[in-house]
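Peer 1: This is a predicted model, with the sequence first.
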Amino acid sequence: MRNREEKMSRILSKEEWIRKKKIKNYGLIALAVLFMIIIFILSYFLIGNILKEILAHNDIQTVRNETTFDTLSNGIEIQNKYLTPNIYSRPQTELKEVKGVVIHYTANPGTSAQANRNYFENLATLKTTSSSSHFVIGLEGEIIQCIPLNEIAYASNERNEDTISIECCHLDETGKFNEKTYQSLVALVAKLCIEFDLGDEDIIRHYDIRGKKCPLYYVDHEDAWLLLKADITAKKKLLEVNIK
């Protein structure tokens, strides 16, 4: 009887040991599954954030590199090199309507469109003043766009909120535009006038807003200014005929 009881006890102990081992194994499996779930969740959010950053970067690059207009009639393409958003040169304030185009000169003889664009970009670091322009036209007739046309630029004082600004490079202190700069300016303004349904009276100088001698040559020589506007109007009419 006693031997039988000891034998039964050993059998029960073995079964108990097997049961406990199974429970332990199940526990380890459960922990492994839980660990895998945690890793999956963390990977999901990590990869998701990385993808968001990549897509956001691509979106920014797309915006910065998008083409505003086709090649202008003088064979010059607009290079979109938007400024980095900042409070000194690109505040990203909405330009709700366009009632005019303001023409400026850089007042920095011999400099390129890229150099003037870089000046606007560096204001975010220098923090010395607020200044920018939608477009800069260079000495070779190259056109760089610094600000999207649905945002204001810091160029024309109280008219920032309803105008598009164009800075023009010049060779010397007179501020007169050379032929390449002049022709690109004529083509660009004509295109903008068609785009925003603007008339001859909507083409103005910085001088007409604040009395500042800008663009200098075309303030000192009223006949040159009137000729520039006439050339723009003629170009606009030619483009409109081609469009029709």
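Peer 2: That came in fine, so what should we check first?

Peer 1: So, low pLDDT: which residues of the protein?
Peer 2: 1-28, 43-71, 73-74, 244 (pLDDT under 70).

Peer 1: switch to 90 and redo it
Peer 2: By pLDDT under 90, the low-scoring segments of the chain are 1-77, 240-244.

Peer 1: Run through the strands of it in chain order.
Peer 2: Ranges of strands in the chain, per DSSP state E, are 78-80, 100-105, 135-137, 143-145, 163-168, 203-205.

Peer 1: mind giving me the domain split of this protein?
Peer 2: Listed by automatic domain parsing, the domain ranges of the chain are 1-65, 70-243.

Peer 1: Please convert those to a markdown table, extending it with mean neighbour count.
Peer 2: The C-beta positions use only the backbone N, C-alpha and C, and glycine is treated the same way. Compiled in a markdown table, those are given as follows (neighbours: other CB atoms under 10 Å):
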| stretch | mean neighbour count |
| --- | --- |
| domain 1-65 | 10 |
| domain 70-243 | 18 |
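
Peer 1: quick one on the thing from earlier: mind putting the strands of the chain into TSV with distance to Glu222?
Peer 2: Shown next, in TSV, are these (distance: least, CB to CB, whole Å):
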stretch	distance to Glu222
strand 78-80	29
strand 100-105	14
strand 135-137	21
strand 143-145	26
strand 163-168	17
strand 203-205	10
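
Peer 1: Can you check which of these gets nearest to Asn116?
Peer 2: strand 135-137 (4.9 Å; CB to CB).

Peer 1: Tell me the strands beside that closest one, with direction?
Peer 2: Strand 135-137 has its sheet partners listed here by DSSP bridges as strand 143-145 (antiparallel), strand 163-168 (parallel).

Peer 1: Throw these into a markdown table and include distance to Arg117, thanks.
Peer 2: Formatted as a markdown table, the strands paired with strand 135-137 follow (distance: least, CB to CB, whole Å):
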| stretch | distance to Arg117 |
| --- | --- |
| strand 143-145 | 5 |
| strand 163-168 | 9 |
